[in-house]
Structures are given as C-alpha cells and as structure tokens.
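Participant: How does the following fold in three dimensions:
(one chain, ligands or ions: 1)
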Amino acid sequence: MSLLDTYAEQLDQLKQQGNFRQFRSNLQQGRYIDIDQRRMLNLASNDYLGLAADPLLREQFFDQTPMAERYMSSSSSRLLTGNFPSYEQFEATLSQAFAGRAALLFNSGYHMNIGILPALSDQRTLILADKLVHASMIDGIRLSSAKYVRYRHNDLLHLSQLLQRYQQDEAYDRIIVVTESIFSMDGDETDLKQLVALKKQFGKVMLYVDDAHAIGVRGEQGLGCAEQYGVIAEIDFLVGTLGKALASVGGYLICDPIIRDFLINRMRPLIFSTAQPPMMMAWSDFIFKKMMNLNDKRLQLAELSADLQQRVRDKGYDCPSTSQIVPVIVGESPHTLQLAQRLQQAGFYIMPVRPPTVPQNSSRLRICLHSQIEMQDIKQLATQL
Ligand SMILES: *Cc1c(COP(=O)(O)O)cnc(C)c1O
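Facilitator: Here you go, the predicted structure:
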C-alpha cells in the first residue's frame with residue numbers, strides 16, 4: 001500500500017458522503033459571480049456593505065495615496081522594522097472610534113483567534129465557550145494550556161450555572177467566556193447586554209467576544225453588536241475581522257492598554273509573522289472611516305434580512321437567524337448539495353455548508369445578504385425555495 005492510499009481512501013469517503021470540497025475559479029462582477037461561464041447573483045459573499053465590490057472606492061484610495069506610501073510589504077514583524085506609520089494611524093482611528101480603548105491589529109482574524117487565547121491563558125485559566133464558536137477560536141483554545149468547557153449554544157442560563165460552579169473552584173484564577181456576537185453558521189446572536197450583566201455577577205470573569213459578522217453591519221456607527229448593545233467599554237477582549245464588511249484583510253482587538261502591551265510581548269502569531277503590507281493598513285483605515293457613515297446601508301440590509309428570514313420560515317424551514325446570514329437548514333448533505341445545485345442553475349449562487357463546518361445532520365444552504373441585493377431578488381429567490 002502506498003503512503004498516499006490512506007489519504008485517497010479518506011477522500012473517497014468524503015465524496016460518498018457528499019462532503020468533498022474543492023476550489024472553483026470564479027470571476028466577480030459587482031453583485032454577480034461567474035463560475036463555469038454561468039453568471040449568478042452572489043449570495044455567498046461576506047462583503048456585507050458592498051465596499052469590496054465598489055471600484056470607485058479603490059480609485060479614490062489610490063488617488064489619495066502617493067506612490068511613496070504604497071509599500072507592498074512590511075518586510076518584517078512590527079517588533080523589528082515592520083511598524084510603519086499606517087499601523088499606528090489605523091490603531092489610532094480604531095481607538096478613537098471605540099471610546100478611547102486600546103486597539104491592536106493582526107494579520108487575520110484567524111491569526112488573532114489562535115494567538116490571543118494561548119497568550120492569555122495558563123493552567124489556572126478556565127475557558128467557557130459557546131458550543132458553536134468559530135473554528136479559529138476552537139483552535140486557539142486547543143493551543144492554550146487552559147481547561148475548556150463548552151456551554152449550550154446561546155444558552156446564558158447554562159453559562160450562569162457553569163459560572164456558579166466554577167467561580168468557587170480554587171483551581172482557577174480566571175474564567176474567560178468566549179462567544180461570537182452574530183454566529184457564522186446560524187446567523188443568530190448573543191444578547192451582549194445580558195452577557196455583560198452576567199459577567200458582573202461573578203468575580204474573576206473576562207469576556208472574549210468575536211464581532212466578525214457584526215462590525216460594519218450593526219450599530220449606528222457600524223461598530224458592531226458591541227455598539228448596538230451599548231457594551232463597548234465592558235467587553236475585555238472585543239475582536240473582529242477586517243475581511244468581511246470592511247472589505248480588507250486583518251483582525252483587530254479592542255482592549256485595555258495592559259492587555260495590548262502583554263500581547264505584544266507574548267502573542268506568538270503577532271511576534272513571529274511578517275506584518276501585513278502597510279498599503280493594506282492604509283486601505284483598512286480608509287474603508288473604516290467610510291464605513292462609519294453608512295448607517296443607511298445598515299438599515300437597508302437589516303430590512304432585507306428580516307424579510308428573507310420570514311420567507312424562509314414561511315416555507316417551513318428551520319431558520320434561527322436574526323441577521324444578514326440566513327441559513328436554510330435542510331439536514332442531510334446529499335439533499336443539501338442537490339438543492340444548492342438547483343438554485344445555482346436558477347442563477348442564485350448559494351453555498352451548501354456541511355459537516356464538519358456544522359454539526360452532523362444539520363447541513364444547510366447558507367444565504368449571505370449584502371447591500372447589492374434588492375427586495376426583488378429576495379422575492380425571486382423565495383419562489384425558488
Ligand atoms: C471569518 C471569521 C474569522 C476569521 O477571520 P479572517 O480575518 O477571515 O481570518 C474569525 N471569527 C469569525 C467568527 C469569523 O466569521
């Protein structure tokens with residue numbers, strides 16, 4: 001038997017289960033995506049405000065950025081020679097937006113989530129995480145030396161029972177509660193106000209909230225669910241990605257200045273990886289400032305989302321969503337795959353999501369709405385469902 005055979009067998013198994021994945025070349029054209037010469041409405045995009053798709057924004061950015069500032073590589077970590085002014089500029093913008101708290105940038109949301117938790121935790125740390133947190137946080141927890149317990153998805157009562165039990169446990173100096181605000185796969189959301197109230201009932205509890213799908217989308221200034229629920233100052237580690245509504249790449253943390261200094265000294269993916277190109281930092285700063293003034297787009301997206309959620313439920317599907325991420329939960333992978341293919345043939349690019357990304361028997365179509373979608377599109381989509 002060749003060394004490759006065991007891998008080939010596992011791939012065959014994935015194919016039989018309908019869980020085999022592969023890259024597909026695609027061309028993006030505004031609200032459309034072209035795959036295999038078929039043009040489809042893009043309903044799988046994280047470009048929630050349509051900013052990545054907007055060529056005028058890019059033009060404006062390049063016009064105002066002189067060639068001398070267009071560094072395409074930082075050539076090192078920020079601790080060596082990579083700390084270009086555009087990093088400090090964008091962190092200052094973030095800090096000002098988020099009530100003067102400290103801000104720290106990372107190469108990606110994934111880097112951020114696999115780096116922060118291991119840096120902050122030791123064997124006397126307990127992490128309590130929502131059962132459905134993103135793979136990047138799971139990986140961060142696994143890399144840490146903390147003990148790890150999951151609570152039932154979005155079940156703050158279960159969380160409070162666990163906090164009651166563990167707060168008296170002498171084995172732990174601190175408990176870090178880890179959750180998302182809007183969840184990637186179900187599109188439902190944590191009541192952050194209630195979560196903060198819960199934290200305040202207990203000592204030694206810190207909150208780690210990933211606002212990846214809410215930054216740009218929620219809050220009057222687009223500062224995410226943290227702004228919407230009025231808790232920016234009360235989340236110890238408020239993190240998010242620049243790769244979704246913010247049309248760029250990277251991750252950010254809003255925290256206390258002590259935590260910022262600590263991570264600069266202890267966080268391995270920050271210390272041992274070349275920092276992002278200064279050009280991208282300047283772009284993130286440019287887009288972030290634009291994004292804060294786009295509340296009309298946010299309100300429009302919320303209206304579209306509520307309409308689609310209702311239509312999906314009216315068709316008899318399970319749909320927990322309260323956001324622009326609207327899953328249609330089907331169950332079996334092969335059936336989900338068939339449905340996705342049929343919708344794609346009808347001109348709607350919707351991705352099937354299967355295990356292990358979601359739990360067994362909860363394969364689904366995952367519809368991502370964004371500012372380039374219109375009410376008319378949603379009506380047509382609903383008739384296809
Ligand atoms: C997309 C996502 C990430 C990863 O962010 P990247 O910047 O794409 O690496 C992290 N957390 C959540 C909840 C996400 O949805």
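
Participant: what ranges of the protein fall below the confidence cut-off?
Facilitator: Scanning the chain for pLDDT under 70 picks out nothing.

Participant: I'd like to know how far whichever residue of the stretch 1-150 of the chain sits closest to the ligand sits from C255.
Facilitator: Residue of the stretch 1-150 of the chain nearest the ligand, by C-beta to the nearest ligand atom: G109 (2.2 Å). Quick note: C-beta positions are derived from backbone N, CA and C, even for glycine. When C-beta to C-beta, to the nearest Å is the yardstick, G109 and C255 sit 15 Å from each other.

Participant: The residue of the stretch 1-150 of the chain closest to the ligand is in contact with V249, isn't it?
Facilitator: No. Counting by C-beta atoms under 8 Å, G109 stays clear of V249, with 9.1 Å between them.

Participant: Which one of those two is surrounded by more residues?
Facilitator: G109 (23 against 17; other C-beta atoms under 10 Å).

Participant: so who does the more buried one touch?
Facilitator: By C-beta atoms under 8 Å, 6 or more residues apart in numbering, the residues touching G109 are S136, D210, A212, V239, G240, T241, L242, G243, G250, G251.

Participant: What strands flank the helix or strand containing the fourth one, and is each parallel or antiparallel?
Facilitator: Pointing back at V239 there. In this assignment (DSSP states H and E), V239 forms part of strand 237-241. The strands beside strand 237-241 in its sheet (DSSP bridges) come out as strand 205-210 (parallel), strand 251-255 (antiparallel).

Participant: which parts of it are buried?
Facilitator: F237, L238, V239, G240, T241 (16 or more other C-beta atoms under 10 Å).

Participant: when you check the ligand, which of those turn up near it?
Facilitator: Among the buried residues of strand 237-241, the residues within reach of the ligand (C-beta under 6 Å from any ligand atom) are T241.

Participant: Now the two most distant members of the buried residues of strand 237-241.
Facilitator: The largest separation in these, counting by C-beta to C-beta, is between F237 and T241 at 14.2 Å.

Participant: what pairs with the nearest residue to S25 once chain neighbours are set aside across the strands?
Facilitator: Once flanking residues are discounted, S25 sits nearest to I35: 7.2 Å by C-beta to C-beta, 6 or more residues apart in numbering. Beta bridges link I35 to R38, judged by DSSP bridges.

Participant: next one: F106
Facilitator: G251.

Participant: do you know how far it is from I325?
Facilitator: Applying C-beta to C-beta to F106 and I325 gives a distance of 23 Å.

Participant: ok, these two, which is more surrounded?
Facilitator: Each of F106 and I325 has its neighbours counted (other C-beta under 10 Å); F106 has more, 26 against 23.

Participant: how far away is that one from M112?
Facilitator: 4 Å.

Participant: Close to the ligand: what parts of the stretch 1-150 of the chain are there?
Facilitator: Checking the stretch 1-150 of the chain against the ligand by C-beta under 6 Å from any ligand atom, the hits are S108, G109, Y110, N113, H134, S136.

Participant: Not counting residues beside it along the chain, what's closest to the fourth one?
Facilitator: Okay, so that is N113. Counting by C-beta to C-beta, 6+ apart, the residue nearest N113 is S136, at 3.6 Å.

Participant: starting at the chain centroid, how far to the one helix or strand the one you found maps to?
Facilitator: Assigned by DSSP H and E, S136 falls within helix 135-143. Put simply, helix 135-143 sits 14 Å off its chain's centre (C-alpha atoms, centre = their mean, to the nearest Å).

Participant: Domain map for the protein?
Facilitator: What the TED database lists as the domains of the chain is 17-46+294-384, 68-292.

Participant: Any idea which of the ones you listed gets closest to L56?
Facilitator: Going by C-beta to C-beta, the one of the domains of the chain nearest L56 is domain 68-292, 10.9 Å.

Participant: follow-up on the earlier one: tell me the most buried of the strands paired with strand 237-241?
Facilitator: Neighbour counts (mean count of other C-beta atoms under 10 Å) averaged over each of those peak at strand 251-255, with a mean of 25.

Participant: Could you list every helix and strand that the very next helix or strand once past that one packs against?
Facilitator: For strand 251-255, the following helix or strand on the C-terminal side (DSSP H and E) is helix 257-266. Contact here means 3 or more C-beta pairs under 8 Å, 6 or more residues apart in numbering; DSSP states H and E; on that basis helix 257-266 packs against strand 102-106, helix 109-120, strand 251-255, helix 268-271.

Participant: quick one, phi psi at S181?
Facilitator: Torsion angles at S181 (phi, psi; degrees, to the nearest 10) stand at phi -90, psi -70.

Participant: how about the nearest residue to it, chain neighbours excluded?
Facilitator: S181 sits nearest to C225 (C-beta to C-beta, 6+ apart), 3.6 Å away.

Participant: Give me the neighbour count for that neighbour.
Facilitator: If you count neighbours by other C-beta under 10 Å, C225 ends up with 28.
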